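# Take this sequence and fold it.
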Amino acid sequence: MTVAETREFLRARGCPEPVVNAGADGLVEEWDRVVTQVEQGYPLGLDDYLNDMDGRELIAAVMGAVVRALTPVQKRRLVAADERMRAAVQPLAHCLWGDRLAAANGWDPVRNWWYFSRPTRPGPDLAQELVRFK
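A predicted model of the protein is given here:
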């Protein structure tokens, strides 16, 4: 694993120092925490949810830019968290960030599924904000 390259990548992306210092392990740990929240009924609103999905996107970006960014243990943990997340969300026809932003970033429902799904158990705030997404 190339910890220095991962940290360099995160720093170049403008991530805060605590995120940079935590590196790939911190990103996977945070994603696992988010998945647990989604399974239990996501307690926050859409802005927070999108921020949490951006965390998963950041993991994908790190994996695409840094060879061996994740250790085998981290990869297994990510795969397990992704499987749990997929079981806790339902697919959407449109990107939560909007179709224009999805097109500008090259996001698609297969590769970036976290942006094209909604929790099956959103909390009250998120449920209200997701009414427009079916």
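# Quick check: which ranges of this structure have low pLDDT?
By pLDDT under 70, the low-scoring segments of the chain are 1, 134.
# Spell out the residue ranges of the helices in it.
Counting by DSSP state H, the chain has helices at residues 3-12, 17-40, 46-65, 72-88, 99-105, 124-129.
# Next, work out how far apart the residue positioned nearest the centre of the chain and Gly64 are.
Centroid-nearest residue in the chain, with C-alpha atoms, centre = their mean: Arg56, separated by 2.1 Å. According to C-beta to C-beta, to the nearest Å, Arg56 and Gly64 sit 13 Å apart. Bear in mind the C-beta positions are built from the backbone N, C-alpha and C, glycine included.
# picking that back up, export the helices of the chain as TSV, with columns for distance to Arg111.
Formatted as TSV, the helices of the chain follow (distance: least, C-beta to C-beta, whole Å):
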stretch	distance to Arg111
helix 3-12	19
helix 17-40	16
helix 46-65	8
helix 72-88	12
helix 99-105	11
helix 124-129	24
